[in-house]
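[1] this one's sequence-less:
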Ligand code: TLP
């Protein structure tokens, strides 16, 4: 029986058509700015996000870290939600690469209360850190793929601009937010000084993220991309996958959202599981297993033996992510297998 891999939407493999686009890509040396396919991808994303310029990078983590580096100076403080990716899953890159500290705020579904952000902004006193950046994440991974409401974004953006603080969006899954809300990437991006978007998650490209902002921002970001080791040469073979993904794989994202809702419906009845259905807004299902008799790692191992792969989620338990390489039928089978495995684990204590 084949493996049903719901660990992440990062596990998708390039399709034959995408590989063909990669094989046929025109390439050049991107350190000289001469790769036509990379340039086309950057122009395409800049246009989609309504920004002056964009820059292609190897990963979402590097994309966020380069943005943070550009917007801050050593000794500054940035504001971010406690469960966000830049703070939790980027190997303390903020401290290591930018020498800034993070003022975290506990969010609800990844959304930071505006009043808390206001309180977190430091008064301009010489003995206090300078608040130089606010980071938002949309959709919010660890909260379960939740959407940052546009009105909230607008309020944070107004606040940041009044306070002359930069604002960055980790939009690794911005495409999912757009698919779910019908709001354009351009509208979302208009509230931010910089935006990072991933091509290698729900869009199915093997590699790559793009950041966008004004030209001055991108010029400095290019410098730090090189410093962080992310300058690439004939990267057009990879960028071609990104262009293919943008052209062919954006429209279908709502299918992944339907699969996630159906999976959540099934898993909500499973013994030992509890699911906050209101958090299932896109392609991620976070399963709270705190009431289960087995530990999260034991549940994951038991499922793996039955060829269903889930991953560690937030502190409450485990995560299932739907994507283009799992069909509706496979998701339904996964639901049945997970139910059986959990019934057994709960019986055996
Ligand atoms: N997220 C991965 C893991 O790192 C948790 C996943 O499987 O979901 N921003 C957000 C919101 C992300 O979810 C991720 C990856 C990144 C940035 C980083 O992207 P990569 O993996 O390309 O560095």
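    Nice, thanks for sending it over. Here the structure is a predicted model, which is why all the values come from computation and not from measurement.

[2] Distance check, residue 119 against residue 84.
    For residue 119, the distance to residue 84 equals 18 Å [C-beta to C-beta, to the nearest Å]. Where C-beta positions appear, they are placed from N, C-alpha and C, glycine not excepted.

[3] which of these two has more neighbours?
    residue 84 (25 against 10; other C-beta atoms under 10 Å).

[4] Regarding the more buried one, what are the backbone dihedral angles?
    phi -70, psi 160 (degrees, to the nearest 10).

[5] got it, and residue 53?
    phi -150, psi 170.

[6] Hmm, it is touching residue 220, no?
    No: counting by C-beta atoms under 8 Å, residue 53 does not reach residue 220; the two are 11.1 Å apart.

[7] the more surrounded of those two?
    residue 53 (19 against 14).

[8] Smallest gap between the stretch 201-349 of the chain and the ligand, at which residue?
    residue 209 (5.9 Å; C-beta to the nearest ligand atom).

[9] same thing with the stretch 51-200 of the chain?
    residue 60 (2.4 Å).

[10] Tell me if I'm right that that residue and residue 211 touch.
    No: using C-beta under 8 Å, residue 60 is not in contact with residue 211, being 9.8 Å away.

[11] what touches both of those two?
    residue 196 (C-beta atoms under 8 Å, 6 or more residues apart in numbering).

[12] which of the two has more neighbours?
    residue 211 (33 against 27).

[13] which residues pair with the more buried one across the strands?
    Bridge pairing for residue 211 (DSSP bridges) gives the partners residue 55, residue 196.

[14] Assess the claim that it and residue 194 are in contact.
    Yes: look at residue 211 against residue 194 with C-beta under 8 Å: they come within range, at 5.9 Å.

[15] Give me the common contacts of these two.
    With C-beta under 8 Å, 6+ apart as the test, residue 211 and residue 194 both reach 67, 221.

[16] Quick check: pLDDT value at the residue of the stretch 51-200 of the chain closest to the ligand.
    With respect to pLDDT, residue 60 scores 98.

[17] Show the backbone phi and psi for residue 5.
    phi -100, psi 100.

[18] ditto for residue 171
    Taking degrees, to the nearest 10 as the convention, residue 171 sits at phi -110, psi 40.

[19] What segments of the protein are helices?
    16-23, 36-49, 60-71, 85-88, 93-98, 114-120, 150-162, 174-181, 185-189, 215-227, 236-248, 253-267, 296-305, 328-348 (DSSP state H).

[20] so which of those helices is the most packed in?
    The highest average neighbour count among the helices of the chain, using mean count of other C-beta atoms under 10 Å, belongs to helix 60-71 at a mean of 26.

[21] quick one: that one to helix 215-227, angle?
    120 degrees (axes from the mean of the first three to the mean of the last three C-alpha atoms, to 10 degrees).

[22] got the residues of the chain near the ligand?
    Residues of the chain found near the ligand (C-beta under 6 Å from any ligand atom) are 8, 10, 59-61, 64, 85, 89, 137, 141, 170, 172, 198, 200, 209.

[23] Those residues in strands, which ones?
    Among these, the residues falling in strands (DSSP state E) are 137, 170, 198, 209.

[24] so what's the second one closest to, chain neighbours aside?
    Meaning residue 170. residue 137 (4.3 Å; C-beta to C-beta, 6 or more residues apart in numbering).

[25] and what of the last one?
    Nearest residue to residue 209 in three dimensions, chain neighbours excluded: residue 63, at 3.9 Å (C-beta to C-beta, 6+ apart).

[26] How far away from the center of its chain is stretch 164-183?
    How far stretch 164-183 lies from its chain's middle: 9 Å, per C-alpha atoms, centre = their mean, to the nearest Å.

[27] on that earlier part again, include pLDDT when you put the ones in strands among the residues of the chain next to the ligand into TSV, please.
    As requested, those are exported to TSV (pLDDT from 0 to 100):
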residue	pLDDT
137	98
170	99
198	98
209	98
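
[28] give me the low-pLDDT residue ranges for the stretch 201-349 of the chain?
    By pLDDT under 70, the low-scoring segments of the stretch 201-349 of the chain are 315-316, 349.

[29] how about a cut-off of 90?
    313-317, 348-349 (pLDDT under 90).

[30] Show me the chain divided up by domain.
    Here the domain parsing of the chain from automatic domain parsing is 13-248, 252-348.

[31] Counting neighbours, what do you get for the residue nearest to residue 234 when sequence neighbours are not counted?
    Nearest residue to residue 234 in three dimensions, chain neighbours excluded: residue 27, at 3.9 Å (C-beta to C-beta, 6+ apart). Here the count is done by other C-beta under 10 Å, and residue 27 has 18 residues near it.

[32] Do I have it right that residue 27 meets residue 39?
    No: at 10.9 Å, residue 27 does not count as touching residue 39 under the criterion of C-beta under 8 Å.

[33] Would you point out which residue is most central in this protein?
    Nearest to the mean C-alpha position of the chain, counting by C-alpha atoms, centre = their mean, stands residue 172 at 3.1 Å.

[34] Please pick the buried ones from the ones in strands among the residues of the chain next to the ligand.
    Among those, the ones that count as buried by 16 or more other C-beta atoms under 10 Å are 137, 170, 198, 209.

[35] what residues are up against the residue nearest to residue 252 when sequence neighbours are not counted?
    The shortest distance from residue 252 to any non-neighbouring residue, by C-beta to C-beta, 6+ apart, is to residue 324 (6.7 Å). Residue 324 is in contact with 9, 12, 202, 204, 249, 252, 255-256, counting by C-beta under 8 Å, 6+ apart.
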